[in-house]
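Participant: What shape does this take:
(2 chains)
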Amino acid sequence: MAARSRSAIGALGAPGASSISARRDLARAQALQEPWPFPQKAAALCWGPAWFAKGVKMCKSVTPKRALRRSRTCCCSTGRGRTQCRKIKPHSLQEQSSSLMGFAMTRLLRVDKAWEELSNILSGIFCASLNFIDSTNTVTPTASFKPLGLANGTDHHLLRYAVLPREIVCTENLTPWKKLLPCGSKAGLAVLLKAERLFHSSYHSQAVHIRPICRDASCLAVSWELRQTLTVVFETFPSGQGKKDWSLFKMFSRTLTEACPLASQSKIYVDISAKDKEKELLEVTPSPTSVHEAIVQGEKRTYAVYDLLSPSLFNTSRSLNVQLKWKRPQDSLELSTPVLHAQRYVSGYGLQTGKISTLIYNTHPYRAFPVILLETVPWYLRLYVHTLTIITKGKENKPSYIHYQPAQDRRRPHLLEMLIQLPANSVTKITIQFERALLKWTEYTPDPNHGFYVSPSVLSALVPSVIAMKEVDMEQSPLFTSLFPSSDGSSYFVRLYTEPLLVNLPTPDFSMPYNVICLTCTVVAVCYGSFYNLLTRTFHVEEPTRGGLAKRLANIIRKFRGVPPL
Amino acid sequence: MAAPLVLVILVAVTVRAVLYRSSLAAFISERVEVASPLNAWKRVVEGLALLDLGVSPYSGAIFHETPLIIYLFHFLIEYAELVFMITDVLTAIALYLAIQDFNKVVFKKQKLLIELDKYAPDVAELIRTPMEMHYIPLKVALFYLLNPYTVMSCVAKSTCSINNTVIAFFILATIKGSAFLSAVFLALATYQSLYPLTLFAPALLYLLQRQFIPVKLKSRSFWFYTMQYGALYLCSLVVIICLSFFLLNSWDFIPSVYGFILSVPDLTPNIGLFWYFFAEMFEHFSLFFVCVFQINVFFYTIPLAVKLKEHPVFFMFVQIAIISIFKSYPTVGDIALYMAFLPVWSHLYRFLRNIFILSCVLIVCSLLFPVLWHLWIYAGSANSNFYYAITLTFNIGQILLISDYFYAFLRREYYLTHGLYLTRQDGTEAMLVLK
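Facilitator: Got it, this is the predicted structure:
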């Protein structure tokens, strides 16, 4: 009924600012728009500015990390939107969490200290609460992540990965993010990024990736590449005839006026693939500068390319408003199910135990492939690894590699990494049981009955493509390949994130500390008192006493009753 | 006497076997009153699974058993149910033999004191006869085996049963008079759960009594024997700990087992007093109160030793009870051990003051534990205060029970030496008070 589109604008930079010789910096920008047959649009924008903002340079000098990725995602959506949002996972899309990952450059003696410094610095730069990252939510995965860019040998001890599932992304994070762009939000594709439209969406994700790359072909010098990505899924509503037309103005309430002068490349890709081989189904205006065909994630797609640096684009009007019109209303455009998708949920009842179940779907008709699952569970959900079961098509499926690091109370979380083979056209169910711990009353958040979040688990896989892909020219469209990487023609890399879970823990009564101390100490005092009496006193025959007034009164009453006196 | 014991054992084994095969087994294993983080079976299985995965069981915070338990269950994991039934039977047999011997000792001592004219003339009804003492060992075995607490502990496969077996063997060895075996079993018990360290004092007193060495601080033979027994105990403890080191090639088990018992990091609810107290503790005072609560278990030993030096077995009973009430992670299995001794003091019944109300309190609290747990954790209509209240009441009931028995014991001793029918100076019936 509606077109859903995803736009990705990206720029690539190879900064020379930190080196001695000044080199001409490259900045590229690309935007990718995809129609989705749902009342939503997704826009993914990537940037790589020519030089680094001062803050990031500072970051580099303090903690030289080999590769760094930081992404924040917010998925505030209605139920249906969220499901569909999850199904379309081209690249690192996450739900409602904030994650930080870094490889340390050399064998630093104090990787943990550097990690702490890094998370605090980034927290300051991006106005994000990354300073909550500490040892209780940081893990060292062994197989799920490999360093990007130049890498000579990977020691997984140098890798740290942390997720803050409770953090959401907001305007405060967008502003410093935009400041890292070479033209800021004044020129180029970044003028489209206005907070009031961007956050009025179903899904929003910001990411920053930093990696070392070769400066030139001979690779004598290394420089740092910063890549910024923004992914947005918009809700659109059908117009009069039930057609889901969209335009840049409708989505972002802005149009493009000029390319960023510092950019060496600035492009917009609009997905105009026609599903049922009917041309003329949709029409884009103004006409694109070129048409680009590619095989993306196993599907043949056609993209209309707008090169913002070509002079012909801004000839007629000062502003560029890409519009997509459907020729006739679509009945129902089905979105094809991705080859690999996953779902995670908590089952069980009560506050004592529970079970985490992950369902991984492989919808490829005839190819099986392995997937690495990384689960990070906080320490207060005590996992029992002997209850781990993996069932595929009713039979047990043994993983070929398991790395499990149990949690230590208040120090580090559980880490479970597994390599699981997914047979073709199957559903794999992974379950593990856990016990909920009772925490100290100061360790609960101010809203303890909201629950505690479990960070999303990460699935990494090389998904075999249904259609053979040809190598994409890296130089021509570097950001395009970075959005849809493929190492060879037959498979493409996918990293999925499942949803974060919300788990309730039993709570003590927060109004009771003083009462509890008093009552428990009373019980201990009862024991002490009784034993003290028995240990220090001896039996004596009681000497008769005269008896007070009460006793005499009692005796009178007893005489009336006919009972012996006291 | 063997035949009734065998019958009791058969009945007990049948009850346990029936419960193992029923659906109640899973329900009982989950109960926090029966399985604590220290001795739950689920955690033993988890530790063995971690060992299979190549990870040290002590690298996480799940497993807190000693390496000897890993070693034992590595080979016997298939026959776990049988192992726990056998441990229960062995405990019962050990207690049976121990109390049999103890009765003989009691009777001999009583005869000696009568001949020495230490007793007052009118205490004939307080003197114990072999006839009445005949069935006490069987009653002890019965009380242990058919106690619902013991049955639940066995069905849940809690390693508390193994601890009880070791303590029962320690008691048997002590009463039989073998210092070496007593030291070895005491070292094993201390190695597993640390608190039986306090049982060193009653065992020493009993062995000294048996060797007719008077307990005088100036006596050389007293110190000599104490040193001997102490050395035996410490050497066995060191040997066992070194053996554990060689089992897994690391000292990781010491902070995981003993550090865990002493610092109480896990606040899973149980029938004890620690969990809610430390859940609601201000962080600033946490260390202070941990120390206070742990000292509370150990500091009754010396005063009790001074008061009860003539009666070391009663001292042992009171000490085991204090350990069961004030240890950091108590379970009903610990309570079952000292309750098994109650038939030994059945002659004190006439001096107990509150036995009816205390037994009502204990029974009602035991029945309310699962109800209030369900209301808090599953139904959500109660909160933690309900369960905590029952914990408090249950512990007060236990404390008052022990102090009641202590009172009755001391009172009987007074009557034995001063006469049963006391009269005041003017001839009227006298009342005894503690002053």
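
Participant: May I have the distance across stretch B:321-338, first residue to last?
Facilitator: For stretch B:321-338, the first and last residues are 6 Å from each other (CA to CA, to the nearest Å).

Participant: Quick one: mean pLDDT for that stretch?
Facilitator: With pLDDT averaged residue by residue, stretch B:321-338 scores 95.

Participant: Stretch A:282-293 too?
Facilitator: The predicted model assigns stretch A:282-293 a mean pLDDT of 80.

Participant: residue contacts, the residue of chain B found nearest chain A?
Facilitator: Nearest residue of chain B to chain A (CB to the nearest CB) works out as B:Gly60 at 2.4 Å. Where you see a C-beta, it was placed from the backbone N, CA and C, and this is true even at glycine. Shown in contact with B:Gly60 (CB atoms under 8 Å, 6 or more residues apart in numbering or on different chains): A:Gln405, A:Pro406, A:Ala407, A:Gln408, A:His414, B:Leu50.

Participant: can you count the residues close to the one residue in the stretch 401-550 of chain A that gets nearest to chain B?
Facilitator: Using CB to the nearest CB, the closest approach of the stretch 401-550 of chain A to chain B is made by A:Pro406 at 2.4 Å. When neighbours are defined as other CB atoms under 10 Å in any protein chain shown, A:Pro406 has 27 of them.

Participant: Also A:Ala217?
Facilitator: Using other CB under 10 Å, A:Ala217 has 6 other residues around it.

Participant: what does the stretch 301-435 of chain B put close to chain A?
Facilitator: Proximity of the stretch 301-435 of chain B to chain A is confined to B:303-304, B:306-307, B:322, B:325-326, B:376-378, B:380, B:383-385, B:388, B:392, B:395-396, B:399-400, B:403, B:406-407, B:410-411, B:414, B:422, B:424, B:426, B:428, B:430-435 under the rule CB under 8 Å from any CB of the partner chain.

Participant: one more time with 6 Å, if that's ok
Facilitator: The stretch 301-435 of chain B comes close to chain A at residues B:303, B:307, B:377-378, B:383-385, B:392, B:395-396, B:399, B:403, B:406, B:414, B:422, B:430-435, as judged by CB under 6 Å from any CB of the partner chain.

Participant: how about the helices of the stretch 101-250 of chain B, start to end?
Facilitator: Under the criterion DSSP state H, counting those that start in this stretch, the stretch 101-250 of chain B contains helices at B:130-133, B:136-145, B:148-155, B:160-176, B:179-193, B:200-210, B:220-248.

Participant: in the stretch 401-550 of chain A, which ranges drop under the pLDDT threshold?
Facilitator: Within the stretch 401-550 of chain A, the segments meeting pLDDT under 70 span A:467-489, A:543-546.

Participant: looking at the chain, which helix or strand does the model trust least?
Facilitator: Picked chain A for this. helix A:79-87 (a mean of 28; mean pLDDT, DSSP states H and E).

Participant: Let me know the pLDDT of the residue nearest to the residue of the stretch 401-550 of chain A closest to chain B when sequence neighbours are not counted.
Facilitator: Ranked by CB to CB, 6 or more residues apart in numbering or on different chains and with sequence neighbours excluded, the top spatial neighbour of A:Pro406 is B:Gly60, at 2.4 Å. Per-residue pLDDT puts B:Gly60 at 91.

Participant: which phi and psi does B:Gly60 have?
Facilitator: Backbone dihedrals for B:Gly60, given as degrees, to the nearest 10, come out at phi -110, psi -170.

Participant: Check A:Thr353 too.
Facilitator: A:Thr353 has phi and psi values of phi -130, psi 170 when expressed as degrees, to the nearest 10.

Participant: quick one: contacts for it?
Facilitator: Shown in contact with A:Thr353 (CB atoms under 6 Å, 6 or more residues apart in numbering or on different chains): A:Glu435.

Participant: And it, how close does it get to A:Tyr384?
Facilitator: For A:Thr353, the distance to A:Tyr384 under the criterion CB to CB, to the nearest Å works out to 9 Å.

Participant: and what of B:Ala382?
Facilitator: Using CB to CB, one gets 27 Å for the distance from B:Ala382 to A:Tyr384.

Participant: And the two? Which one has more around it.
Facilitator: Neighbours of B:Ala382 and A:Tyr384, each counted by other CB under 10 Å, are more numerous for A:Tyr384; the result is 19 against 16.

Participant: Helix, strand, or coil at the more buried one?
Facilitator: When classified by DSSP: H, G, I helix; E, B strand; the rest coil, A:Tyr384 comes out as strand.

Participant: Kindly report the same for the one 5 residues further on.
Facilitator: Going by three-state DSSP, the secondary structure assigned to A:Thr389 is strand.
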